[in-house]
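Participant: I would like the atomic coordinates for the input below:
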Amino acid sequence: MRIGLAGYGRGGRFFHAPLIGLAPECTLAGVLTRSPRRRAELADDFPGLPVAGRLSELAAAGIDAVVISTPLETHEALVREAIALGLPVVCDKPFTSDAASARTLVNEAERSGVPLTVYQNRRWDADFRTVRVLLEAGALGEVTAFESRMEQYPPPGGFSVTGGGVLRDFGSHVVDQALQLFGPAAAVYAEMHVVPDSGFDDRFFLALRHAAGVTSHLRGDWTLHGAPGPRFRVAGRAGTFAVESGDGQSERLLSGETEIPGPFGTVPESRWGRIYRGEGVPPEPVPAQPGSWSSFYSAFARAVRGEGPLPVDPRDAVAALEVLDAARRSAARGEVVRLSRAG
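Facilitator: Predicted coordinates for the structure are as follows:
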C-alpha cells in the first residue's frame, strides 16, 4: 500500500516514516511539507521521494492512503480533506482537541465510507501487550487497581506545545490503554500543573473509576527530575505485576536504528516485569511479549484491503477524549466528574 505522509517533523520523520518502511505491506510514497528545512531533511533521508505542498497533490501522485502527523490544530482540516478525497486516513494522536470534534470527524468518515483510524501505537508496546496476556490468562486473579505512568526528563530545548500539552499527548496513550484493559470509565478525578502564563500543562494525575469496578491511577510528566516510577503496576487478588521500563522502540527510532536483529521491540530478560505473590515468596519473572509498532501499519493495510478490522476503532479515540475532557473539568473544579455514557 502506497502511503503518503503529511508532516515531516519529529513524529513524521523519526516515527511514522521508518515504521511505514518496517511494515512489509506498506511503502512510503510521498510527503506533504511546505517547510524548506523539512524538505531538505527529507531529501537527505529519502533521495528522490516525491514531496508536495498540498494533500491534493499527494492524492494526484497515486497514494492509496495518508497519515496525518502535523500539529494538533491542523488535524481536523486535513482529516476532513482526506475524507473528501476518498483517501483512507491515519490521524496521529491527539486525534482532535476535544471529543465533540472527534465524533464529528468519525461520523463524516462513516457516512463517506472512508476508513479512518487513530495512531495509538502504544497498544503495541511490549509492556502493555504483556499486561494484556496476563489479564487474559487470569494470572493475577480479580484485578482491583491499575497504575500507569509515562514520564520523561525534559529535553534541552524543551517540549513542543504543538501536541496540546501533556494531558492530550501522554494522556491519549495512558487513558486509551486503561480503557482497553478495563472498559469504560464511570468517573474521573484529575490534577494538572499548568505552566504560568502559557496555558500549557506539563504534568497530570488522573484517577478513573471504571464501570466494571477497577480503579486506574494514571500519570504523565514532562518535567521529571527524580527517579522514574514503574511503567505499570497491576494489583490483583492473586498477585501484583510490576514492570519498570519500556521496550526501547522510541529510543531506537529516535536514534535512527531500525535495522536490528530479531523483533524490533524485544526486551532483555534483565528488564522483564515480575509478579509478586506475597511476603517470603520469590517474585516470578514474566517473559515480555515483543513490542511492534509497525504492526499498526500492517493491520491498517489489511483493513483497507477489506481483510480485517482497523487497528484502532476511531470511536475508541472519541471515548478517550471524553475522559480527557472530563479530566480538564475535574482539574478546574477540584471535584469528581461523572461520565454518563459509561457502560
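
Participant: pLDDT weak spots in the stretch 151-300 of the chain?
Facilitator: Low-confidence segments of the stretch 151-300 of the chain (pLDDT under 70): 155-163, 258-264.

Participant: what residue of the chain is the furthest out?
Facilitator: In the chain, counting by C-alpha atoms, centre = their mean, G280 sits farthest out from the average C-alpha position, at 38.0 Å.

Participant: Find the nearest non-adjacent residue to the residue positioned nearest the centre of the chain, please.
Facilitator: Nearest residue to the geometric centre of the chain (C-alpha atoms, centre = their mean): Q120, 3.4 Å. Leaving aside its chain neighbours, Q120 sits nearest to V312 (4.7 Å; criterion: C-beta to C-beta, 6 or more residues apart in numbering). C-beta: built from backbone N, CA, C; applies to glycine.

Participant: For whichever helix in the chain runs longest, buried residues please.
Facilitator: As assigned by DSSP state H, the longest helix anywhere in the chain is helix 314-333. Buried residues in helix 314-333, counted by 16 or more other C-beta atoms under 10 Å: 314, 316-328, 330-331.

Participant: Can you list the helices and strands that that helix packs against?
Facilitator: Contacts defined by 3 or more C-beta pairs under 8 Å, 6 or more residues apart in numbering; DSSP states H and E place helix 314-333 against helix 99-112, strand 116-119, helix 166-182, strand 185-194, strand 201-210, strand 337-338.

Participant: Out of those, which gets nearest to I275?
Facilitator: helix 166-182 (16.4 Å; C-beta to C-beta).

Participant: Number of residues surrounding L167?
Facilitator: L167: 25 surrounding residues under other C-beta atoms under 10 Å.

Participant: so it makes contact with D201?
Facilitator: Yes. L167 lies in contact with D201 (C-beta atoms under 8 Å); the separation is 5.2 Å.

Participant: hey, where'd the helices end up in this protein?
Facilitator: According to DSSP H, the helices that the chain contains are 10-11, 17-22, 36-45, 55-60, 75-85, 99-112, 126-137, 166-182, 249-254, 295-304, 314-333.

Participant: any idea how far T27 lies from M192?
Facilitator: Noted for T27: a distance of 41 Å to M192, by C-beta to C-beta, to the nearest Å.

Participant: likewise D176?
Facilitator: In terms of C-beta to C-beta, D176 sits 18 Å off from M192.

Participant: on that earlier part again, surely the residue nearest to the centre of the chain touches S172?
Facilitator: Yes. Using C-beta under 8 Å, Q120 is in contact with S172, at 7.5 Å.

Participant: Which residues are in contact with each of these two?
Facilitator: The contact sets of Q120 and S172 overlap at K93, A317 (C-beta atoms under 8 Å, 6 or more residues apart in numbering).

Participant: With neighbour numbers in mind, choose between D176 and M192.
Facilitator: Under the criterion of other C-beta under 10 Å, the comparison of D176 against M192 puts D176 first, with 23 against 20.

Participant: The more buried one contacts D125, correct?
Facilitator: No. In this structure D176 lies outside contact range of D125 using C-beta under 8 Å: 11.4 Å.

Participant: list the residues that contact both of those two?
Facilitator: Residues touching both D176 and D125 (C-beta under 8 Å, 6+ apart): there are none.

Participant: Now for V267: which residues touch it?
Facilitator: A126, D127, D247, G248, A288, P290, G291.

Participant: Same check on L85?
Facilitator: Taking C-beta under 8 Å, 6+ apart, one finds L55, S56, A59 in contact with L85.

Participant: Drop anything exposed from the residues you listed.
Facilitator: For those, buried by 16+ other C-beta under 10 Å: L55, A59.

Participant: ok, so of the contacts of L85, who is nearest T96?
Facilitator: For those, the nearest to T96 is L55 (17.3 Å; C-beta to C-beta).

Participant: Nearest residue to that closest one in space, please, no chain neighbours.
Facilitator: Here the residue nearest L55, using C-beta to C-beta, 6+ apart, is E81, at 5.2 Å.

Participant: Kindly report the domain assignment for the chain.
Facilitator: 2-119, 122-292+323-338 (automatic domain parsing).

Participant: if I read this right, A61 contacts A29, doesn't it?
Facilitator: Yes. The pair A61 / A29 is scored as a contact, 7.1 Å apart, by C-beta under 8 Å.

Participant: among the domains of the chain, which is nearest A301?
Facilitator: domain 2-119 (3.8 Å).

Participant: how long is that closest one end to end?
Facilitator: Domain 2-119 has its terminal residues 17 Å apart, counting by C-alpha to C-alpha, to the nearest Å.

Participant: do stretch 42-52 as well
Facilitator: This stretch, stretch 42-52, spans 12 Å end to end (C-alpha to C-alpha).

Participant: do stretch 7-18 as well
Facilitator: 14 Å.
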